[in-house]
Structures are given as structure tokens and as C-alpha cells.
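**Student:** how would this look folded up:
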Amino acid sequence: MRDNYLNFMENHLGKIEYGWSKDENGNELPFQVVKYVDGPFPGTVTYSTVGLSNILLKSHVSIKNIRQELVFVSYSSFGDKNIPAILQHVGLQAYNNGIAYLRGESIGPKGKIFNDSNLKALYVTLPVYFDDSFHTFYEKDGDPIVNVWLVPISNKEAEFVKLYGWDKFEDLLVEKDPDLINFKRKSIIE
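**Tutor:** I've put the predicted structure just below:
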């Protein structure tokens, strides 16, 4: 399965540039984080977990089992910064809790995600900057693997999601069309 999934990812994102299998303290992780050479647009790169989907995660709203990998997109000029650590931390939460991340959830706020950014939470959604074929990997003899996009958001945006729901937030994203890869962007909620 893993080789087929990696081929699928590399067909969409280009070759894997490099990866991380240990956390910042040198502890071996139950999955890897990798960086691909391409992203959804020129000048962007994509990171993902690989191997998180080896375990079945439960939906917290149904009895459904979900296999998922986490995806993060940035401008290639941004550098790695703490993107691998973010994916490791969020992935380990899912792994340890056995609970999948669902579209419309916000994770945090837990303080600034990046030093030079006011974004303090992550929003879980479909990877809409990519072709629809990228959203789910189907293999012949197994459950599908869902790619989940983690988008940095502001405190006010996270509050909006909790108060009014993810569908209203995504409507607002479509209306205002912010650059979700620009981590210095202003909040769309005043």
C-alpha cells in the first residue's frame, strides 16, 4: 500500500525532496513527514504525513473508520520553519487518540504557529487548491486514504468556525478569497 500511495502523491506533487522520521528530540515517530518538490501552484511546496493512514482512526461523530494523511502547503520561499513539527504534533494527537480530523474542525488556538505570523490555529478541510483526484487515494484491496489539508487561521477565524459552523466559514473563504498559503495574511474576520 505505502508504495502505491507514495506513487499517487508523487504523481500529484513531484518527487519527495526529503523527510523526517524523528521528532525534534530524536524520538522515532510512528509515521514520517515528507516534503515534495511541488505544490498546487508555481512557487509552492507541499508537506504530508506518510504512514499515519496505517492505522484506522475513528470519526468522533459516527462509528466510521477513517484512514487519513495530513497535508500542509507553503510557498517554497518560506522554508521548512516548523512545518514538520506541526505535522508531527497534529499527527501524533490523531495517532495517540485514535480520532480522525474531520472537515470543519479547528485545532487550537495554541499560540503563534510561526514567529512572524498572527495565525494561531489550524483549520481542517479538503485540499481544494489541488485537483479533486488528489483528495482521496483508492486502492484495490483496502479502505481509501483521505488527504486532509491543515490551513493556518487566526483566533477570530477559529472563533467564527465554532460559532457559525464550517460551512459558513468556507462560504466566507470563497467570498473573500484570501491567500491561504500566505502565513502573514490578515484575518478575514475583523
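
**Student:** drop to CA atoms for contacts and neighbour counts, all remaining ones
**Tutor:** Will do.

**Student:** which parts of the longest helix that the chain contains are buried?
**Tutor:** As assigned by DSSP state H, the longest helix anywhere in the chain is helix 83-97. For helix 83-97, the neighbour count (16 or more other C-alpha atoms under 10 Å) marks Ile83, Pro84, Ala85, Ile86, Leu87, Gln88, Val90, Gly91, Leu92, Ala94, Tyr95 as buried.

**Student:** now do stretch 107-114
**Tutor:** For stretch 107-114, by 16+ other C-alpha under 10 Å, it's Ile107, Pro109, Ile113.

**Student:** ok, of those, which one's closest to Phe134?
**Tutor:** Nearest to Phe134 among the buried residues of stretch 107-114 is Ile107, at 22.8 Å by C-alpha to C-alpha.

**Student:** Surely that closest one is in contact with Tyr123?
**Tutor:** Yes. Between Ile107 and Tyr123 a contact is recorded at 6.4 Å, counting by C-alpha atoms under 8 Å.

**Student:** Show me what the lengthiest strand in the chain packs onto, helices and strands only.
**Tutor:** Secondary structure assigned by DSSP state E gives strand 65-75 as the longest strand of the chain. Judged by 3 or more C-alpha pairs under 8 Å, 6 or more residues apart in numbering; DSSP states H and E, the packing partners of strand 65-75 are strand 44-50, strand 57-58, helix 83-97, strand 145-153.

**Student:** can you give me the angle the longest one makes with strand 44-50?
**Tutor:** Right, helix 83-97. 30 degrees (axes from the mean of the first three to the mean of the last three C-alpha atoms, to 10 degrees).

**Student:** in its sheet, what does the next helix or strand after helix 83-97 sit against?
**Tutor:** With elements assigned by DSSP states H and E, the helix or strand that comes after helix 83-97 is strand 106-107. Strand pairing for strand 106-107, using DSSP bridges, gives strand 121-125 (antiparallel).

**Student:** Check the separation of the first and last residues in stretch 109-117.
**Tutor:** 13 Å (C-alpha to C-alpha, to the nearest Å).

**Student:** Quick check: mean pLDDT of that stretch?
**Tutor:** Summarised as a single mean, pLDDT over stretch 109-117 is 87.

**Student:** ditto for stretch 79-86
**Tutor:** Mean predicted lDDT for stretch 79-86 stands at 93.

**Student:** what separates that stretch from the chain centre, distance-wise?
**Tutor:** Offset of stretch 79-86 from its chain centre (C-alpha atoms, centre = their mean, to the nearest Å): 12 Å.
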